[in-house]
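# structure, please.
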Amino acid sequence: MGRAAVFIDGANLFFTQRHLGWQIDFSRLMAFFMSGYAAVQANYYVPASEPVTEENAAFTRVLTAHGYRITSKPVKKIVNKETGVIIMKGNLDVELVVDALSRADQYDTFILFSGDSDFLPLLRALKERGKEVIVYSTQGLSARELLTEPGIAYYDLSVLRERIEQVKPGETMRVEGLMAGADHDFSVPLPDVGETFTGTVLKVQPYGIFLSNPYHVKCLLPLSFLGISKYIDDLTAIVRVTDVFDVVVFHVNSARDIAEITVKLADKKMAEELTSRIDG
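Residues are numbered from 1 along each chain as shown. Sure, this is the predicted structure:
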């Protein structure tokens, strides 16, 4: 498995989700790509509304908690002096292109979330550098040039719905609001100590595993809470991105800008499986 870099045109994705009629769970999206690549960089480009709404602030916390790098700039109001018409401008295409090219040595596969044909020169340039190029968007909002360009793998987001849709048991998702994430309802309460849930691997560090979670917070399963008595020299060598962990909440820290929870492994079979990998 190689290294992937995901570049998300937030404004374009906003309209894509509205067109599809369902919302993306960005923790599940990260887990989806982590299951296919050895390393994943995720970058989200979004116009910044002023003043910052509570919904947009919550959305930013969610992205940061799940490993996304956010690039934003204020929306500009341009007034036509002759007509008095106000045009809102918040395009970050240039920033996305510059970052993609300047970091090209850090990834093998370039993954773009946008149906905008303005990115076609970038895609061609990356292909010339030997990069695999993948585009995710949806029919009806994707430029024909992206669909027909040789050497570009195009996927409709609708085929990933079961893997990445934001679903909350007993709740109806909102499909309204402002640009770039405010249409998501992230007002999920923090868990109580003792609550259980199932998480997938987002990132493995020597000291523990960061997991996806239904609370949209930073979630760490420490090495010491894996229930393994044997010495572990390299946690990254025994944990796989396809692993699924049943965990119980041990501690909740809501004092930080991004809430954090610490969990313990609640699955004896997984503890035994990880132990067997040490011996193997």
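# what ranges do the strands span in the stretch 151-280 of the chain?
For the stretch 151-280 of the chain, applying DSSP state E, counting those that start in this stretch gives strands covering 153-156, 196-205, 208-211, 218-222, 244-253, 260-265.
# would you mark the buried spots in the second one?
Along strand 196-205, these residues count as buried under the neighbour rule (16 or more other Cβ atoms under 10 Å): Phe197, Gly199, Thr200, Val201, Leu202, Lys203, Val204. C-beta here means a position set from N, CA and C on the backbone, and glycine is covered the same way.
# go ahead and confirm the third one touches Phe210.
No. With contact defined as Cβ atoms under 8 Å, Thr200 does not count as touching Phe210 (10.3 Å).
# related to what we said a few turns ago, quick one: closest of the strands of the stretch 151-280 of the chain to Ile134.
Evaluated over these, closeness to Ile134 peaks at strand 153-156, with 4.6 Å, by Cβ to Cβ.
# neighbours of Phe26, how many?
25 (other Cβ atoms under 10 Å).
# element containing Thr71?
Using DSSP states H and E, Thr71 sits within strand 68-74.
# hey, which helix or strand in the chain has the poorest pLDDT?
strand 86-89 (a mean of 51; mean pLDDT, DSSP states H and E).
# give me the residues contacting the helix or strand following that one.
Going down the chain from strand 86-89, the next helix or strand is helix 93-102, by DSSP H and E. The contact list for helix 93-102, computed with Cβ atoms under 8 Å, 6 or more residues apart in numbering, reads 5, 7, 9, 43, 45, 71, 73, 110, 116, 118-119, 122, 125-126.
# can you select the buried ones from those in PyMOL?
In PyMOL, a selection of the buried entries from the contacts of helix 93-102 looks like this (16+ other Cβ under 10 Å):
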select buried, resi 5+7+9+43+45+71+110+116+119+122+126
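# just the closest of the contacts of helix 93-102 to Arg144, please.
Closest to Arg144 out of the contacts of helix 93-102 is Asp116 (12.1 Å), distances taken as Cβ to Cβ.
# picking up where we left off before, dump the strand holding Thr71 to CSV, restricted to CA.
Extracted in CSV, the C-alpha atoms of strand 68-74 (Å, rounded to 0.1, in the frame of the first residue of the first chain):
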residue,chain,number,x,y,z
TYR,A,68,-7.6,16.8,8.4
ARG,A,69,-5.5,19.8,7.6
ILE,A,70,-7.7,22.9,7.1
THR,A,71,-6.8,25.8,4.8
SER,A,72,-9.2,28.7,4.7
LYS,A,73,-9.4,32.4,3.9
PRO,A,74,-12.1,35.0,4.4
